[in-house]
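Engineer: Structure, please.
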Amino acid sequence: MRSIVRGAIFVLVTALVIALLHTWIKNKSYMFDQETIFTITKKAISKFNTTGKATHTQIYEEVAKTLEAKYPGHILPKRDREWIFVNAGGWMASFYLLHASLTEYVYFMGTAMQTSGHAGRHWLNISDIVVAGEFREWPEGSTESTVLYPGDTTFQLWGTTVGMDWKAGTWVVEYGRGISVPTLMVCISDTLTGTTDVYNLYKIFVIWGKAIFMELTQLKM
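Structural biologist: Predicted structure coming up:
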């Protein structure tokens, strides 16, 4: 009987904590927003696509420069930024972190080779805009998939998931809003259980740590 009561209390407390976190996340103020990220990225895509020879590198440089100007002190210094491998859900990509706090992140991500897998189930909302290549997503519970091309956007609501397929040379700008730390754990899942690349794990923790510490010293969460 005691175990049943304890179990019921645990479930109720967990549900209450989740509800309170969800309410706080939904109503707190944020530094970034999806539309601004999308607008900045689309302008960069349009700027370089006029020549018909745009590269994801050119677009990323333009996006980073614009974000640095718009959010001074909240984008990682260029000397601290680097492309780092991420293995999760069966897929492999590389990410380039620009900003991270306890409740937001902005990074570039993509792959130079074909890869696919499970997106993970996150405690935050994730918005992506495709910069180059071809990204296919397969929503949970559906028998249909959607293909996204440069300039197209997608949104993954917290608690939901999708299957992903990246063509070689696919690159996106991603913005996450919610509780960011569990997402970091998803990003290192296959590193812990598969590649055991301790040095790569170290680089991931260092770059996220620097970004979050930078925000905390400015009393930003």
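Engineer: tell me the strands in this protein, going along the chain?
Structural biologist: Under the criterion DSSP state E, the chain contains strands at 84-88, 91-100, 104-111, 115-118, 124-132, 135-139, 146-148, 153-156, 162-166, 170-178.
Engineer: same for the last one, what does it pack against?
Structural biologist: Same thing as strand 170-178. Applying 3 or more Cβ pairs under 8 Å, 6 or more residues apart in numbering; DSSP states H and E, we find strand 170-178 packed against helix 34-49, helix 56-70, strand 104-111, strand 124-132. Using the backbone N, CA and C atoms, a C-beta is placed for each residue, glycine as well.
Engineer: what does it rub up against?
Structural biologist: Contact partners of strand 170-178, identified using Cβ atoms under 8 Å, 6 or more residues apart in numbering, comprise 25, 30, 32, 34, 37, 41, 56, 60, 63, 103-111, 122-135, 158, 183.
Engineer: Of those residues, just the buried ones, PyMOL syntax please.
Structural biologist: Of the contacts of strand 170-178, the buried ones can be selected in PyMOL as follows, counting by 16 or more other Cβ atoms under 10 Å:
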select buried, resi 25+32+34+37+41+56+60+63+103+104+105+106+107+108+109+110+111+122+123+124+125+126+127+128+129+130+131+132+133+134+135+158+183
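Engineer: Just list the residues touching the closest residue to A211 other than its chain neighbours, thanks.
Structural biologist: Spatially, and ignoring its direct neighbours in sequence, A211 is nearest to A100 (3.7 Å; Cβ to Cβ, 6 or more residues apart in numbering). A100 makes contact with V106, Y107, S180, W208, A211, I212, E215, according to Cβ under 8 Å, 6+ apart.
Engineer: In the chain, where is pLDDT below threshold?
Structural biologist: Counting by pLDDT under 70, the chain has low-confidence residues at 1, 5, 14, 17-19, 21-22, 24-28, 50-54, 219-221.
Engineer: make it 90
Structural biologist: 1-30, 47-55, 88-89, 120-124, 158-159, 178-196, 216-221 (pLDDT under 90).
Engineer: Look up how far F85 lies from T191.
Structural biologist: 8 Å (Cβ to Cβ, to the nearest Å).
Engineer: which neighbours do these two share?
Structural biologist: D197, N200.
Engineer: With neighbour numbers in mind, choose between those two.
Structural biologist: T191 (18 against 15; other Cβ atoms under 10 Å).
Engineer: check contacts around that one.
Structural biologist: Counting by Cβ under 8 Å, 6+ apart, T191 makes contact with V86, N87, A88, D197, N200, L201, I204.
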